[in-house]
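Colleague: Predicted coordinates and the sequence they were generated for:
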Amino acid sequence: RAIAAIEASQPTHNSFTHVAAESALQAAAAVDARRAAGETLGPLAGVPVAVKDVLCATGMPATCSSNMLRNFVPPYDATVVEKLRAADAVIVGKTNMDEFAMGASTETSFFGVTRNPWDTQRTPGGSSGGAAAAVAAGTVPLSLGTDTGGSIRQPASFCGITGMKPTYGRVSRYGLIAFASSLDQVGPMAWSAADCALLMQTIAGFEPRDSTSLDRPVPDYMQALDSTDLSGVRIGVLRDALDVDGLDPEVRQVVLDSIDVFVGLGATIVDVELPHKEYGVPTYYVIAPSEASSNLSRFDGAHYGHRADPVKVDPELGPLVSMYCQSRSQGFGAEVKRRIMIGTYALSEGYADEYYNKALKVRRLIKGDYDNAFAQADLLLGPVAPTPAFELGDKIDDPVQMYLCDLFTVGANLAGIPAISLPGGFNAGGLPIGIQLQAPVLDEARLLSAAHAFQ
Ligand code: GLN
């Protein structure tokens, strides 16, 4: 049924870069046969799951929505995909995204834009726009996204679903094609926090093939959903975030209304501040492109990726460098090139102290802000994105406007903490608006529990 739903929605929404109809039907039949034979099945037995196209799954292309990798079929599963299969989930395909996860609208994909199921003239957000739209359109109940600066939470907000960025290191990144290695995390996207908890239980945990993986026990996230009583939980409201220029008044109102709901559930409200929050976006847009410029150097037509053919040899560069240059200029789109240039500049000799090293210092200040805030509150409440879903084409020619979409989300990545986006309400036009909760390192259980209580 999921395959039929995906195929029906694909011409309108374009949520998928690859539909794995044959292997999904085989996997589903195998689960059915084992069920009929009375075997004990995994917790996601037969559940269709969609996977963002930045994660590797054997036998399916992993393109990062880039011309550079349009023909890449990885010979192995990412750890999270391996864990999904071990839980007897059925991988139905790969979802569309901004090229190499760089963007906030899924408009930079080589395979065309994804459309928001709530209003097809609008973006589903990004970069995990396909993963969010696939759930919002009802084609799959669960999907996996990745979040480097907001790419799970912002599309979840735009598409009226729930999405969580776990603590840095909580979920293995083995088999995730790296964008910015100190920020990237894989996380669950679903209708509800309860469904996110189920998916999180499957994918979380230590894994030696990812050197940044945390060797800490995984709590029982489903058990965290048992109580909807939030008495004793201190929720810190980021009041100054609600006063920033450019915050849509209806988004602001949805956050304010949510405070009343949390009070009704027994939570104590305190006001907290993150004094360096205005430096989040500039810090992120130095660190993320710097790491990207290094991570993407492997895509040169020889080691990985599209190779220019024929190569026009520039006598000054010689045949090898000419091949690199032409492969990269044909393989990458404009936003990816922009990031590589920014990152290479920020890391270059003579500028690194002024940009990259300075950004690392500000990152520590931002982390310090969160440490102070979590001394006063167990969870922080604020907006996810400054606006509801905007129209396709609105920001694509103005990178700075696009980057400002990340105002409220990059902090969690810079600090390495978990954060969840959950539906908070609607604007007058009927578009969904998310609210965001952030928690201290490894406190996903509390995030899921508070989000579940709210829902
Ligand atoms: N919008 C941010 C960016 O373009 C976040 C992307 C992400 O989280 N992958 O970098």
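Modeller: Sure thing, it's come through. Just so we're clear, the structure is a prediction, and the values are computed from it rather than from any experiment.
Colleague: What sits closest to Y285 if chain neighbours are left out?
Modeller: Y403 (5.8 Å; CB to CB, 6 or more residues apart in numbering). For every residue, glycine as well, the C-beta is placed using N, CA and C.
Colleague: Residues of the stretch 1-150 of the chain that sit close to the ligand?
Modeller: 101-104, 127, 147-150 (CB under 6 Å from any ligand atom).
Colleague: on that earlier part again, so how far is the helix or strand hosting the residue nearest to Y285 off the chain centroid?
Modeller: Per DSSP states H and E: Y403 is located in helix 399-403. For helix 399-403, the separation from the chain centroid amounts to 18 Å (computed by CA atoms, centre = their mean, to the nearest Å).
Colleague: ok, back up a step: what number of residues lie near the residue nearest to Y285?
Modeller: 19 (other CB atoms under 10 Å).
Colleague: okay, it: pLDDT?
Modeller: Y403 carries a pLDDT score of 97 in this model.
Colleague: How about R1?
Modeller: We have a pLDDT of 86 for R1.
Colleague: State the distance from it to A28.
Modeller: 10 Å (CB to CB, to the nearest Å).
Colleague: returning to that earlier point: are the helix holding Y403 and the ligand in contact anywhere?
Modeller: No - using CB under 6 Å from any ligand atom, helix 399-403 stays clear of the ligand, coming no nearer than 6.8 Å.
Colleague: So what touches that helix?
Modeller: Applying CB atoms under 8 Å, 6 or more residues apart in numbering, the contact partners of helix 399-403 are 103-105, 281, 285, 335, 338, 394-396.
Colleague: list the buried ones in it?
Modeller: The neighbour-count check on helix 399-403 (16 or more other CB atoms under 10 Å) flags 399, 402-403 as buried.
Colleague: ok, A78 touching L55?
Modeller: Yes - counting by CB atoms under 8 Å, A78 does reach L55; the two are 4.5 Å apart.
Colleague: Compare R1 and A28 (neighbour count), which wins?
Modeller: Remark: of R1 and A28, A28 carries more neighbours, 20 against 8, as counted by other CB under 10 Å.
Colleague: What backbone torsions are found at that one?
Modeller: phi -70, psi -40 (degrees, to the nearest 10).
Colleague: That one: what's it in contact with?
Modeller: Contacts of A28 by CB under 8 Å, 6+ apart are 46, 90.
Colleague: what about the strands in the stretch 51-200 of the chain?
Modeller: 90-95, 142-147, 162-165, 185-190 (DSSP state E, counting those that start in this stretch).
Colleague: Tell me the buried residues in the third one?
Modeller: By that I understand strand 162-165. 162-165.
Colleague: from the chain's centre, how far out does that strand sit?
Modeller: 8 Å.
Colleague: Equivalent analysis for the first one, please.
Modeller: With CA atoms, centre = their mean as the basis, the distance from the averaged C-alpha position of strand 90-95 to the chain average is 16 Å.
Colleague: Check the model's average confidence along that strand for me.
Modeller: 98.
Colleague: still on that earlier bit, after the helix holding Y403, next one along is what?
Modeller: Downstream of helix 399-403, the first helix or strand assigned by DSSP H and E is helix 410-415.
Colleague: Redo the buried residues of strand 162-165 as a markdown table? Include pLDDT and distance to the ligand.
Modeller: Output for these, formatted as a markdown table (pLDDT from 0 to 100; distance: CB to the nearest ligand atom, whole Å):
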| residue | pLDDT | distance to the ligand |
| --- | --- | --- |
| T162 | 98 | 17 |
| G163 | 98 | 11 |
| M164 | 98 | 13 |
| K165 | 98 | 8 |
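Colleague: could you dump the residues of the stretch 1-150 of the chain next to the ligand to CSV with neighbour count and pLDDT?
Modeller: Shown next, in CSV, are those (neighbours: other CB atoms under 10 Å; pLDDT from 0 to 100):
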residue, neighbour count, pLDDT
A101, 30, 98
M102, 29, 98
G103, 29, 98
A104, 28, 98
S127, 34, 98
D147, 29, 98
T148, 29, 98
G149, 30, 98
G150, 32, 98
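Colleague: Closest to T212 out of those?
Modeller: T148 (13.6 Å; CB to CB).
Colleague: wouldn't the closest one be in contact with F179 here?
Modeller: Yes - applying CB under 8 Å, one finds T148 in contact with F179, separated by 5.2 Å.
Colleague: Overlap of the contact sets of the two?
Modeller: 101, 288.
Colleague: Name the residues of the stretch 301-450 of the chain found near the ligand, please.
Modeller: D406.
Colleague: And the strands in the stretch 201-350 of the chain?
Modeller: All strands of the stretch 201-350 of the chain, identified by DSSP E, counting those that start in this stretch, fall at 234-238, 268-272.
Colleague: Just tell me which of the ones you listed ends up closest to the ligand.
Modeller: Nearest to the ligand among these is strand 234-238; the distance by CB to the nearest ligand atom comes to 19.5 Å.
Colleague: ok, that closest one: who's next to it in the sheet?
Modeller: Applying DSSP bridges, strand 234-238 is found paired with strand 268-272 (parallel), strand 379-383 (parallel).
Colleague: Which stretch among those strands is buried most, on average?
Modeller: Per-stretch averages of neighbours, counted by mean count of other CB atoms under 10 Å, single out strand 379-383 among the strands paired with strand 234-238, with a mean of 26.
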